[in-house]
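*Asks:* what follows is a protein structure lacking sequence information:
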Ligand code: SF4
Ligand code: SF4
């Protein structure tokens, strides 16, 4: 089973692209969509590398896991962590969870499960994930993006701009050369006409 929750990314791509300010960072460091401010543009769906946002067929607005924001506000644990009978899903202060997870990885390594590692617990993926995983295979095997695939949109601005400028320069040079060749052909044709007359 895979808990496909919002990762409440430290550098959240969805929050970066939302044009209306509907997506906010809460007092619990979670990422939350304010329904009344969402216009249903879907930019956040494209930006999220984890595919955890969908548009409500009834309300036509973006929706995702809120990490039970309403329960957190009342001092309660998110429902998934509360309900899980094996504590596969755990909730708590992020530093405590990371320390607990590191011990779990060490325990697995000592038992021979040397492939075990933490995904998203350090800052290498989007500055860190506030919902991180203990995995025993590469991320793609679980439907999760690799470090290279999970990028904030602003990281693509400079490469995309440089590419656009380079493409314009090449197109401009091509047009210039084509114009030069056409001029040469016209001049040659005029010379031929002058010679024959
Ligand atoms: S997992 Fe997706 S929806 Fe959740 S904070 Fe990260 S980018 Fe936003
Ligand atoms: S669909 Fe809503 S939450 Fe998502 S980017 Fe657009 S306005 Fe923001």
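*Replies:* Done, it's in. The structure displayed is predicted, hence computed values, not measured ones. Ligands and ions are numbered 1, 2, ... in the order given.
*Asks:* name the nearest residue to residue 39, sequence neighbours excluded.
*Replies:* residue 20 (5.5 Å; C-beta to C-beta, 6 or more residues apart in numbering). Any C-beta I mention is one placed from the backbone N, CA and C, and that applies to glycine too.
*Asks:* hmm, I was thinking of residue 61
*Replies:* Closest residue in space to residue 61, ignoring its immediate chain neighbours: residue 38 at 4.1 Å, by C-beta to C-beta, 6+ apart.
*Asks:* correct me if wrong: the one you found contacts residue 19.
*Replies:* No: with contacts counted by C-beta atoms under 8 Å, residue 38 stays clear of residue 19, the gap being 10.2 Å.
*Asks:* all helices of the chain, in order?
*Replies:* Assigned helices in the chain, in chain order: 13-17, 43-47, 69-73, 79-83, 94-110, 157-196 (criterion: DSSP state H).
*Asks:* buried set for the fifth one?
*Replies:* Counting neighbours by 16 or more other C-beta atoms under 10 Å, one finds that the buried residues in helix 94-110 are 94, 97-98, 101, 105, 108.
*Asks:* by contact count, what packs against that helix?
*Replies:* When contacts are defined as 3 or more C-beta pairs under 8 Å, 6 or more residues apart in numbering; DSSP states H and E, helix 94-110 sits against strand 117-119, strand 133-135.
*Asks:* hmm, the last one touching ligand 1?
*Replies:* No: for a cut-off given as C-beta under 6 Å from any ligand atom, strand 133-135 has no contacts with ligand 1; the smallest distance is 12.3 Å.
*Asks:* please begin residue numbering at 16 from this point
*Replies:* Noted, 16 is the first residue going forward, which turns the last one into strand 148-150.
*Asks:* for the record, mean pLDDT for that strand?
*Replies:* Mean pLDDT, computed over strand 148-150, is 97.
*Asks:* closest to the centroid, which residue in the chain?
*Replies:* Centrality entry for the chain: nearest residue to the mean C-alpha point is residue 64, 3.4 Å, by C-alpha atoms, centre = their mean.
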